[in-house]
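> Dropping the sequence and predicted coords here.
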Amino acid sequence: MQVRVGTAGRMMASAALAAVVLTGCSDTAEPDAKVPPTTSAGAPAGADAAHAERGGSIGAAGSACELPVTFDIAARWEAEAIDAAGAEVAVDELKDGGSDDPDSLDEELAAEIADSLLRQGPVVAACEVDAKPAGNIGFLRVFTGEPGDDDARTVLEAFVTAEESDEVSIGEQEYRTFRSGDLTGVEVSYLRTSEILEETKRQHALAVTTAGGPVVLHLGGLDDEEHEAMLPAFELAKRTLRTS
């Protein structure tokens, strides 16, 4: 039987994510040498958007998020590492909370939601960059995976497909290849429709593969207006993307 997530379940999930999924310094990225931009193959996601002002760089050792890649983040956006291992333990504890508790169903639903946000297809959440300090509502999230034979297109398609469920549908997927420094990757724009929330929102994501494993960057947003306003930050990250 398909169980719908009620208000209590969504509140539990939000609390669980806020309390146990996100850890780290929550500081702005440290400024470093500016990485020269490169051109992308195909029309970029933010072709008509203004360039974002650079605020710093993440990915290198000692930065807010240590990743297989480095890239610039927009001014006033704040990066925070995600303790995936700790979060998975917390999710398992929620799942094993016990059926005698009248709130156990909500806990199980919260755990399922938290798990789905933590892991998407072949990759796991590693970092999120918050746009709120810059005046927007949304995140640029970074996911990483284990090294393997899949190319960037395969990883990205699996990432997008993993969002689909009985309540969520994906449409209008447009894939294109891009180059940035020593990396060749694939980006996609698509529409995500939630039956539960009764809304359709534009999403952007990109994937590259490195010796340390695949990396996916995803940009969502509260709504399409917020998403459009944040696209320059996504473009900044894409054109400054380099291996660590």
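Looks like it arrived, so ask away. From a predicted model like this one, the values you see are computed outputs, not experimental measurements.
> tell me, how many neighbours does the closest residue to K132 other than its chain neighbours end up with?
In space, and not counting its chain neighbours, K132 is closest to E78: 7.8 Å by C-beta to C-beta, 6 or more residues apart in numbering. Any C-beta I mention is one placed from the backbone N, CA and C, and that applies to glycine too. Residues contacting E78 under the criterion other C-beta atoms under 10 Å number 20.
> Which pLDDT value belongs to E78?
At E78, the model reports a pLDDT of 97.
> That one and V168, how far apart?
Distance, E78 to V168, using C-beta to C-beta, to the nearest Å: 28 Å.
> swap in E53?
Distance of E53 to V168, given as C-beta to C-beta: 34 Å.
> next one: S180
Noted for S180: a distance of 30 Å to V168, by C-beta to C-beta.
> got it, and H51?
32 Å.
> Excluding chain neighbours, what is closest to C127?
C65 (3.5 Å).
> Show the pLDDT at that neighbour.
In this model, C65 is scored at 97, pLDDT.
> From E66, how far out is L219?
Separation of L219 from E66 (C-beta to C-beta): 21 Å.
> Show me which of these two is the more surrounded one.
A direct count of neighbours by other C-beta under 10 Å for L219 and E66 places L219 higher, at 26 against 15.
> so what pLDDT did the more buried one get?
The model reports L219 with a pLDDT of 97.
> Thought Q203 was touching it, still the case?
Yes. Using C-beta atoms under 8 Å, L219 makes contact with Q203 at a distance of 6.9 Å.
> which of the residues in stretch 134-150 are buried?
Neighbour counts over stretch 134-150 (16 or more other C-beta atoms under 10 Å) mark A134, N136, I137, G138, F139, L140, R141, V142, F143, T144, G145, D150 as buried.
> so who does the fifth one touch?
Translated: F139. Applying C-beta atoms under 8 Å, 6 or more residues apart in numbering to F139 gives the contacts E128, V129, D130, A131, L219, G220.
> Now, the residues you listed that are in strands?
In strands, judged by DSSP state E, the following of those are found: E128, V129, D130, L219.
> ok, the contacts of F139 vs I73, which is closest?
Of all those, V129 has the smallest distance to I73: 5.3 Å, by C-beta to C-beta.
> what about the closest one, neighbour count?
For V129, the neighbour count with other C-beta under 10 Å is 27.
> who does it bridge with?
Taking DSSP bridges, one obtains A79, L140 as the residues bridged to V129.
> That one touches A79, doesn't it?
Yes. With contacts counted by C-beta under 8 Å, V129 reaches A79, the gap being 4.7 Å.
> intersection of neighbour lists for the two?
I58, I73.
> before we move on, back to that, as CSV, the contacts of F139 with distance to S244 would be great.
What follows is the contacts of F139, written out as CSV (distance: C-beta to C-beta, whole Å):
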residue, distance to S244
E128, 18
V129, 16
D130, 22
A131, 23
L219, 21
G220, 25
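> Which residue ranges of this structure form strands?
Using DSSP E, strands in the chain cover 54-58, 69-74, 78-81, 119-120, 123-130, 139-144, 168-180, 183-194, 199-210, 213-219, 242-243.
> can you put those strands in a markdown table and add distance to E157?
Converted to a markdown table, the strands of the chain look like this (distance: least, C-beta to C-beta, whole Å):
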| stretch | distance to E157 |
| --- | --- |
| strand 54-58 | 26 |
| strand 69-74 | 20 |
| strand 78-81 | 27 |
| strand 119-120 | 12 |
| strand 123-130 | 12 |
| strand 139-144 | 14 |
| strand 168-180 | 8 |
| strand 183-194 | 8 |
| strand 199-210 | 9 |
| strand 213-219 | 11 |
| strand 242-243 | 22 |
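> For beta bridges, what are the partners of V216?
Per DSSP bridges, the residues bridged to V216 are F143, A207.
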